Every structure is written in C-alpha cells, then in structure tokens.
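**Q** After the sequence you'll find the predicted model.
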Amino acid sequence: MIALVQQKAIVTSGAEAIVGSATQQSESDLQASARRTRTRNTFWVWVGRLILAIFVFGGWQLFTDLKWVDPFFYGQPSMVWDSLVNLFTKGTAFGSIWDQLWVTVQEALFGFLFGTIAGVISGILLGSNRYLSNVFSPYIKVLNSIPRIVLGSIFIVAFGLGIGPKILLAAVLVFFAVFFNAYQGVREVDQNLIANVRVLGASPLQIARHVTIPSAMTWIIASLHTAFGFAIIGALVAEVLGAQKGIGLIISQSQGRFDPNTVFACMAIIAVFTLGAEYLITLLERSVLRWRPPVRSESQPI
Amino acid sequence: MGDTDKTPSRTPVGPGVADDPARIEIVALTKRFLTPKGEPFTAIQDVSLTVEAGQFCAIVGPTGCGKSTTLAQVSGLERPSGGSVQVGGRIVDGITNGVSYMFQGDALFPWKTVLQNVMIGPVLLGTSKKKSMALAIDWLRRVGLTGFEDRYPHQLSGGMRKRVAMAAALINNPRILLMDEPFGALDVQTKAIMQTELLGLWEELRPSVLFITHDLDEAVALSDRVVIMTSSPGTIKDVFNIDLPRPRGDVQTLRHERRFIELQTQIWESLRDEVTRAYKRSAGVAA
C-alpha cells in the first residue's frame, strides 16, 4: 500500500518536472524511467556495501597474513570461518552447537518476554498514576544508575548454573529499556484524547484500552529493538559468568584457550540470530503501527 | 468490552430523533488553580450564564480569559472552586451525562480508522459493535465521508478530519455540545463550509451548544447569543442576543446581510477594549 502511494508520488513529481521542461512523454515512459532510477539507486547502494565489506574483511585478512597484526590475538577471517565450520560439524566440548545455541536462545527469549511484560505493565501503571510515580521514581533512578550487569554474579551465586539466573539477568536488562519507554509513552498521551473519552463516559479501563495503551505502543515497540539486544547481552554475560551450556560458555572457554577465532565465530552465530529476531520485531512494528503516516524522506527525486 | 451488549445508561438514538436537550445554568462560577510555583491563580470569577435548552451560545474573549476553563466545569472534567453548574436542573458533580466535546486540535485517535473513530462514542456507552458500526456508517454518510471508512486520520485533509470529529461528537446525540475553537486551525474557505455544515446538523438535533471562538464573525453567524468575557480573572462583560432568523443557511452569504453587520459592529465595540487591554498587558510583559 505504502509502496504504491510512493510510486504514485514519484510519478507525479516526475510528471511535474517533465511539464516544467515542456517535453512530451507518455505515462509508461515515465514509469519505466522511474523504475530504472530505482534499480540504478539500489544497484549502487549494493556495490558500495560490497566494497565496504571487502575493504574491512579483506584488510583484516591481508594484515594478519602479512603478520602486521598478530592473528594469534586478533584472529583471521579465514580461520574464523574454519572454526565456524568446526563448530557446526564437530560440535563443541559440551555437545552440539545447536544445543548450545538453543539454550542461549531460550534464555534470551524468555528474558525478553518477561522483561517486556513487566516493563510494559509497570510503565503504564506508573505513567498513568502520578502518586505511584512520585513514590517509585527515586528508587527507579537508583536502580537504573547501578551497573545491572553485575547482578549476574549475584544471580548465579543465588540461583546456580541453570538457565534461571540467565533469564533473570536478561529480563532485568530488558525491563529498564522497556519500562522507561512505556512510562514516557503514557506521559506523552494527548490529554485532549483522554478528556474526550472521559466526557463520553469511559471507565479507567476503557481509557487504558482505547487511549493510553495504543498511544504508548509507538514508544514501547521502538524500545523492543534495543531491548532485544539487551536480552542477548544479558544471556551471554550470565553464561560467561558461569554456565553448563550455552554460547557464552563456548566464548569463555575459547578465551581460556586463547582462541579468538571461535569467539568471533560465536559472535557471528549470535548476530545471525539477532538479525532474524530484529526482522520479526520490525514485522510486528509494521503491523501494529500500520496507522502511522509514511516517512516523508522515503520518496526520492528522480 | 465493546462486544458485550450491556444496557447503556443513555441509548444513542438514530438521527433526526431529538433527545431531551438540556438547560445549562452557571451560577457564580469561580475556578482557581495552583500555579507550579504554588501561588493561587484565579482563572474565572463569578461567571453566571444560562444557556436555554437547544440554544447556541458563543463565548468570545481575548486569549487566557478562562473560556476553556468554563467549558471544563460544564463537562464535569474539573470541579469548580466556587459557585455551581447545573445541567438540566442537576448540579454537575463528576462527568455530565450526554455531553460531547470538540477541541481545536483534532482529538481523533490516530491509530483508529475513520469508522472506529466515529464508533467510539456508542462503544463506550456499551452499545454492541454491530449497532455502533451501523450508526457510525450512517453518521459518516451525513458528514459526506462515505467511502473513507477505512482511512486513517493522517490520510485525510484538515476539513475531513473536522467532519470525522463532528460525526464522533454528534453520534451519541448529545444533550450538550461543547466546542472549544473547533474550527480555529482551518483555512478560511474550509471554515465557512464547516460552519454551514455544523449549523445544518445542529438544526436537526438541537443540542445546547457552548461554542468558544476568537472569531467574531463565526460567533455572530452561528449563535443565538454571544457572551463576551474579559480576562484575568475571567468574568462576563456583555451578553448579546443574535436575532438573525433561522435556519440561517449559508454562512458566507449571511456575512453580507445588514443586520449581521450591525450586530457584528456592536459586539466588536464591546470586545475591542478587552482585546486592546489584553494586548497591552502582554506587550508590557514582553517589554
């Protein structure tokens, strides 16, 4: 739908330009030229991306090959690839890589889920109740200013090496990211809208359902992107601190064996997973925030 | 919530059926606020005003004279510090039943479609979704927006958004319609069209209207009565009865009638002192 509108916009602006230069051109020609411009633009963007990748990875490979940089410390793309293949074909010291990945994914997902739910609920509660927010706000500021990642050590001491403390740490990190956005989102609700439904006789629950929550949704969904990153960080760090399974464990073991290549390989695996999750969040964003006007800068001149 | 068919406290009626319109009686109304610095500030003082059932009453006055505050007391969104507001013989205490509000801003839900925006009134009263939808479709037809049901507000022009807001405000067939500079942000042509349409709809339903505006022409063209308010603290300075015959038809042609111009001049005389005073004060603050 949006794409269609854009295409139309491009065609119209193109048509104006043509009329301006007083040239005769048919609609189909115009459409074809618009499409050509588009393809050309994407083509050059991809060329640029490719060059950048070759520059970075090629440079890394070259410098480590030439021993300008010691591959023992910094790894080497080809060796990273080898350890990646190794991880998937030979598995790890603690079982197959899929097992490890599954554990980490579970931790991150549950942490993300619990943290988000808790963050949204408390954000909306505190955002819509001034008294509660006044009572809680100094404590929340204090909690926010402490380095929460350190809580991981406490959780592991308290709850052991299972997946529980990892979920907890991920959830704590996610909670704050989501909470502050939900809180702010509720605070930013258009007071006219609230007055409007109140006059129409809405109950507090109806106000929340029809006004507060949908309005805060923009902010909440925006926070989910960063929140998911935090979930991964929480899970990995907790695993590095102490675990029986998981990608974080492989990372800490490789660190002990002076094996940067495996660390990089693990990074790559997690990156792929995160990109996938990010894509799903973007899909969610698109469907929930369908009502938002399209971004202006998306239409381009031809 | 919206799907359950509870018996609503006030059934939204079909178009054309006049629900009992209500008399608004404001007696010695005073409202004070606490400024953020902790000092009391009197927004309106001793405002007494009666709007007869089915009357269209406009309030005109300089910026910051407490016009909006007066409306908030009538709707029950705020409690008066002194005096009282009665609607239909009942003292306002909490949200007044059967009131609709129209603001200067759109006050439409950007995440709801046009249809859902209009439906919200009956849905909040507990009318079934199906019935609400039928009512909303009918109201969209009446404001000339058939075919736009599935659009989102950002896809509409300013005038169309106002029509949606008007349908949403009138769908519950309110006894009282409170309008806070509803057409303030529109361009002149659209404004004239919307005024004419509002008059048409109002003449069908005849709710009591309190209409805040800066625009004197608008006040005279639409209302039965124009109230002039002065600022700090807001009090009523003058009340003018507008004896232009109804139905008034097109607002644009009305503007050129002799009686209209007479009334307009008369009211402007009264208003001018206030405006200059308010302007001088603000200029003095700025200097």
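**A** Arrived safely. Numbers count the residues shown, from 1 in each chain, chains lettered A, B, ... in the order given.
**Q** for the helix or strand hosting residue B:115, packing partners?
**A** Assigned by DSSP states H and E, residue B:115 belongs to helix B:114-124. The contact analysis (3 or more C-beta pairs under 8 Å, 6 or more residues apart in numbering or on different chains; DSSP states H and E) places helix B:114-124 against helix B:129-142, helix B:158-170. Yep, even glycine has a C-beta here, placed from its N, CA and C like the rest.
**Q** isn't there a helix covering residue B:29?
**A** No. Counting by DSSP: H, G, I helix; E, B strand; the rest coil, residue B:29 is not found in a helix; it is strand.
**Q** How about the contacts made by it?
**A** B:44, B:46-48, B:70, B:73, B:80, B:82-85 (C-beta atoms under 8 Å, 6 or more residues apart in numbering or on different chains).
**Q** Test for you: state the pLDDT assigned to residue B:5.
**A** With respect to pLDDT, residue B:5 scores 40.
**Q** What helix or strand is the most centrally placed residue in chain B located in?
**A** Closest to where the C-alpha atoms of chain B average out (C-alpha atoms, centre = their mean) is residue B:179, at 1.3 Å. Assigned by DSSP H and E, residue B:179 belongs to strand B:176-180.
**Q** roughly how far out does that strand sit from the chain middle?
**A** With C-alpha atoms, centre = their mean, to the nearest Å as the basis, strand B:176-180 stands 2 Å off its chain's centre.
**Q** Give me every residue in the stretch 51-200 of chain A lying close to chain B.
**A** A:190, A:192-193, A:195-200 (C-beta under 8 Å from any C-beta of the partner chain).
**Q** So which of the residues you listed sit within strands?
**A** Using DSSP state E, no member of these falls in strands.
**Q** now chain B, which segments are flagged as low pLDDT?
**A** B:1-21, B:284-287 (pLDDT under 70).
**Q** By residue count, what's the longest helix in it?
**A** helix B:258-286 (DSSP state H).
**Q** Show me which residues of the helix or strand hosting residue A:42 are buried.
**A** In this assignment (DSSP H and E), residue A:42 forms part of helix A:27-65. Neighbour-count burial for helix A:27-65 flags A:30, A:34, A:60-61, A:64 (criterion: 16 or more other C-beta atoms under 10 Å in any protein chain shown).
**Q** Residue A:108: which of those residues is nearest?
**A** The nearest member of these to residue A:108, counting by C-beta to C-beta, is residue A:60 at 27.9 Å.
**Q** What residues sit buried inside stretch A:185-201?
**A** Applying 16+ other C-beta under 10 Å to stretch A:185-201 flags A:185-186, A:189-190, A:193-201 as buried.
**Q** from these, which ones fall inside helices?
**A** Filtering these for helices - DSSP H - leaves A:185-186, A:193-199.
**Q** Need those in JSON lines (columns: pLDDT).
**A** Output for these, formatted as JSON lines (pLDDT from 0 to 100):
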{"residue": "A:185", "pLDDT": "89"}
{"residue": "A:186", "pLDDT": "89"}
{"residue": "A:193", "pLDDT": "87"}
{"residue": "A:194", "pLDDT": "88"}
{"residue": "A:195", "pLDDT": "87"}
{"residue": "A:196", "pLDDT": "86"}
{"residue": "A:197", "pLDDT": "88"}
{"residue": "A:198", "pLDDT": "87"}
{"residue": "A:199", "pLDDT": "86"}
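**Q** So which of these is the closest to residue B:30?
**A** residue A:195 (21.2 Å).
**Q** Just list the residues touching the residue lying closest to the closest one once chain neighbours are set aside, thanks.
**A** Nearest residue to residue A:195, sequence neighbours excluded (C-beta to C-beta, 6 or more residues apart in numbering or on different chains): residue B:77, at 5.6 Å. The contact partners of residue B:77, by C-beta under 8 Å, 6+ apart, come to A:195, A:198-199, B:95.
**Q** if you set the cut-off to 10 Å instead, what comes out?
**A** A:194-196, A:198-199, B:71, B:92, B:94-96, B:99, B:101, B:178 (C-beta atoms under 10 Å, 6 or more residues apart in numbering or on different chains).
**Q** Farthest pair within those residues?
**A** A:194 and B:92 (18.8 Å).
**Q** for residue 199, what are its contacts?
**A** I'll assume chain A. By C-beta under 10 Å, 6+ apart, the neighbours of residue A:199 are B:72, B:75-77, B:95-96, B:98-101, B:121, B:124, B:169, B:172, B:174, B:176, B:178.
**Q** was after chain B, sorry
**A** Contacts of residue B:199 by C-beta under 10 Å, 6+ apart are B:56, B:221-223, B:246-251, B:254.
**Q** burial count for residue A:284?
**A** 12 (other C-beta atoms under 10 Å in any protein chain shown).
**Q** so how far is chain B from it?
**A** 15 Å (C-beta to the nearest C-beta, to the nearest Å).
**Q** if I look at that residue, how far off is residue A:271?
**A** 20 Å (C-beta to C-beta, to the nearest Å).
**Q** Likewise for residue A:111?
**A** In terms of C-beta to C-beta, residue A:111 sits 18 Å off from residue A:271.
**Q** what's residue A:102 in contact with, if anything?
**A** A:96, A:245-247.
**Q** and it, what helix or strand is that in?
**A** Going by DSSP H and E, residue A:102 is in helix A:97-128.
**Q** what's the offset of that helix from the middle of its chain?
**A** On C-alpha atoms, centre = their mean, the centre of helix A:97-128 falls 13 Å from the chain's centre.
**Q** relative to helix A:191-199, how tilted is that helix?
**A** Interaxial angle, helix A:97-128 versus helix A:191-199 (axes from the mean of the first three to the mean of the last three C-alpha atoms, to 10 degrees): 70 degrees.
**Q** for chain A, what are the nearby residues on the stretch 101-250 of chain B?
**A** Residues of the stretch 101-250 of chain B found near chain A (C-beta under 10 Å from any C-beta of the partner chain) are B:101-113, B:116, B:120-126, B:151-155, B:165, B:168-169, B:171-172, B:174, B:176, B:178, B:180.
**Q** and these, which are buried?
**A** B:101-113, B:116, B:120-126, B:151-153, B:155, B:165, B:168-169, B:171-172, B:174, B:176, B:178, B:180.
**Q** Which of the helices and strands packed on helix B:114-124 sits closest to residue A:207?
**A** The nearest among the helices and strands packed on helix B:114-124, by C-beta to C-beta, is helix B:158-170 at 16.0 Å.
**Q** Can you list the buried residues in that closest one?
**A** Buried residues in helix B:158-170 (16+ other C-beta under 10 Å): B:159-170.
**Q** Repeat that for stretch B:247-262.
**A** Quick answer for stretch B:247-262 (16+ other C-beta under 10 Å): B:248, B:251, B:254, B:260.
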